[in-house]
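Enquirer: Requesting a structural model of the entry that follows:
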Amino acid sequence: MPHRYFTRELSGGQAALTGSDAHHLANVMRARLGEEVVLCGPDGLEYTGTVTAILPGRVEFSVNEGAPSKAEPAVAATLFVGYPKQGKLDEIIRHSVELGVQEIIPFFSRYCVATPKKEEAKNERYNRIAAEAAKQAGRAVIPHVAMPLENFSAVCRALGDYDKALFFYEGGGTSLREVLAPGSVQRLALITGSEGGFSAEEADAAAQAGAVTVGLGPRILRCETAPLAALTAAMLLTGNLE
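Expert: Just a heads-up that it's a prediction; the model follows:
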């Protein structure tokens, strides 16, 4: 299978890789002229790139016409995840990218155990994790990991950007099968909590912001399990895991 790379330098039938990706292809993979790779452009399409030049710090390609990726779901799902402790967010990011998430937005809420610390540096690492997972999973886009929102009110203010928002509450709610179906939504927000869950006031605030309160069955899931279960269920019910 051809190696996969992401580039923003792609136009007019030509493309290029620079930096670490160029080094990896040229020096680690020992690419040769005429070799083909998969290039994913900023338009979310996949291209077959044929190596035309290998230069110091730069590899150039000719590319064919781009095509939509079968790995990209029809629903753009954003995961709002309560900030967990002890590196659990790394695994949430990695696995949710594999499952098809478009964006991950951590947030701090009333019962979060974790507290903000060096978030700018962490965010750089989180986005590297997302990029690595996207390559491994054969994605055509790199999902974005946003800087964490400072409180749950900020989450509620963001929900107006979505066609539908689902608030996953340990107290249960509407059945997911009643609110999701193939083709029913294009931009979907999924909201799951941290180790401490949500307060009753936060649940009320989510409902007032237009979110539909839903559950994930009769068992209480860990904070690192719930977002992946929610995303998997959403992908299945919207027809993106067939």
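
Enquirer: Ignoring the adjacent residues along the chain, who's closest to residue 136?
Expert: residue 98 (7.3 Å; C-beta to C-beta, 6 or more residues apart in numbering). All C-beta atoms are positioned from the backbone trio N, CA, C, and that covers glycine.

Enquirer: Would you mind writing the CA trace of the host helix or strand of the one you found as CSV?
Expert: In the assignment (DSSP states H and E), residue 98 maps to helix 88-99. Taking only C-alpha atoms (Å, rounded to 0.1, in the frame of the first residue of the first chain), the coordinates of helix 88-99 have been written out as CSV:
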residue,chain,number,x,y,z
LYS,A,88,-6.3,9.7,29.2
LEU,A,89,-6.9,12.4,26.6
ASP,A,90,-4.1,11.0,24.5
GLU,A,91,-6.0,7.7,24.0
ILE,A,92,-9.3,9.5,23.5
ILE,A,93,-7.8,11.5,20.7
ARG,A,94,-6.0,8.6,19.1
HIS,A,95,-9.0,6.3,19.0
SER,A,96,-11.6,8.9,18.1
VAL,A,97,-9.6,9.9,15.1
GLU,A,98,-9.6,6.2,14.0
LEU,A,99,-13.4,6.2,14.4
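
Enquirer: if we can go back for a sec, you'd agree the residue nearest to residue 136 is up against residue 135?
Expert: No. Using C-beta atoms under 8 Å, residue 98 is not in contact with residue 135, being 10.9 Å away.

Enquirer: tell me, how many neighbours does the residue nearest to residue 136 end up with?
Expert: 17 (other C-beta atoms under 10 Å).

Enquirer: how about the CA coordinates for the lengthiest helix in the chain, as CSV?
Expert: In the chain, assigned by DSSP state H, the helix with the most residues is helix 119-137. Presented in CSV, the C-alpha positions along helix 119-137 are these (Å, rounded to 0.1, in the frame of the first residue of the first chain):
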residue,chain,number,x,y,z
GLU,A,119,-2.1,23.7,27.8
GLU,A,120,-0.4,25.4,24.8
ALA,A,121,2.4,22.8,24.9
LYS,A,122,0.0,20.0,25.5
ASN,A,123,-2.2,21.1,22.5
GLU,A,124,0.8,20.8,20.2
ARG,A,125,1.3,17.3,21.3
TYR,A,126,-2.4,16.4,21.1
ASN,A,127,-2.4,17.6,17.4
ARG,A,128,0.6,15.5,16.6
ILE,A,129,-1.2,12.5,18.1
ALA,A,130,-4.2,13.3,15.9
ALA,A,131,-2.0,13.6,12.8
GLU,A,132,-0.3,10.3,13.5
ALA,A,133,-3.6,8.5,14.1
ALA,A,134,-5.0,10.0,10.9
LYS,A,135,-2.1,8.6,8.8
GLN,A,136,-2.5,5.2,10.5
ALA,A,137,-6.2,5.1,9.9
